[in-house]
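Student: Give the three-dimensional model of this entry:
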Amino acid sequence: MGKNKFLIIGIGLIILIAIILVLSPPEGKEVNIITEKTEYQTGDALKINIENNLKETVCFSSCFPYYWEKKNGGWKGYDYTSCPDGNLIEKCIASKEVKAFELGIPSIGVGVYRLAIPACVGCNLKETFKENQWLYSNEFIIR
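Tutor: Model prediction:
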């Protein structure tokens, strides 16, 4: 009976460890972009936190560090003019770092929105920006 007891306990521990590994969020796999609130008015300040959980630095464009997208069946972005100057990397977030940003909300109408942010993962300050990943904020409402 003693051997069976240890066998059952061992199998139980293996199953428990497997469940924990499956349910645990993968570390180092994402960048979280979260707004301070879920509802805003035109003209409000939109405050966001960008948390880099990747193992590499995440950098942003000097020309268009973010785009507004409106939910209308799917996500529709707004057209932006071309970049008048060279598109360089001016801001980066190191691995395991969190940075806060504040943006003014333009007159883009009421609806459900998110920010779409082109990123250069593994890049450095002052390099030419080359987008290799898109990041998205949570959804928020503009009234």
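Student: And the helices in the protein, which stretches?
Tutor: For the chain, helices defined by DSSP state H occupy the ranges 2-23.
Student: Flag the shaky bits of it, pLDDT-wise.
Tutor: For the chain, applying pLDDT under 70 flags the ranges 1-2, 6-7, 10, 12-13, 16-28.
Student: all strands of it, in order?
Tutor: 31-35, 39-40, 45-52, 58-61, 67-72, 74-77, 89-93, 98-104, 111-121, 133-136, 140-142 (DSSP state E).
Student: quick one, which of those is nearest to Ile14?
Tutor: Comparing these against Ile14 with CB to CB, the closest turns out to be strand 31-35 (31.9 Å). Bear in mind the C-beta positions are built from the backbone N, C-alpha and C, glycine included.
Student: Sheet partners, orientation included, of the closest one?
Tutor: strand 45-52 (antiparallel) (DSSP bridges).
Student: buried ones in the strand it pairs with?
Tutor: The neighbour-count check on strand 45-52 (16 or more other CB atoms under 10 Å) flags 46, 48, 50-52 as buried.
Student: got a markdown table for those, with distance to Asp79 too?
Tutor: Shown next, in a markdown table, are the buried residues of strand 45-52 (distance: CB to CB, whole Å):
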| residue | distance to Asp79 |
| --- | --- |
| Leu46 | 20 |
| Ile48 | 22 |
| Ile50 | 24 |
| Glu51 | 29 |
| Asn52 | 29 |
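Student: What is the most widely separated pair among these?
Tutor: Across those, no pair lies farther apart than Leu46 and Asn52, at 19.4 Å, counting by CB to CB.
Student: could you measure Ile11 against Lys3, distance?
Tutor: Distance of Ile11 to Lys3, given as CB to CB, to the nearest Å: 13 Å.
Student: oh sorry, the question was meant for Glu97
Tutor: 51 Å.
Student: Ok, Gly73 next?
Tutor: Distance from Gly73 to Lys3, by CB to CB: 62 Å.
Student: neighbour-wise, which of Ile11 and Lys3 wins?
Tutor: Between Ile11 and Lys3, counted using other CB atoms under 10 Å, the more crowded position is Ile11 (10 against 7).
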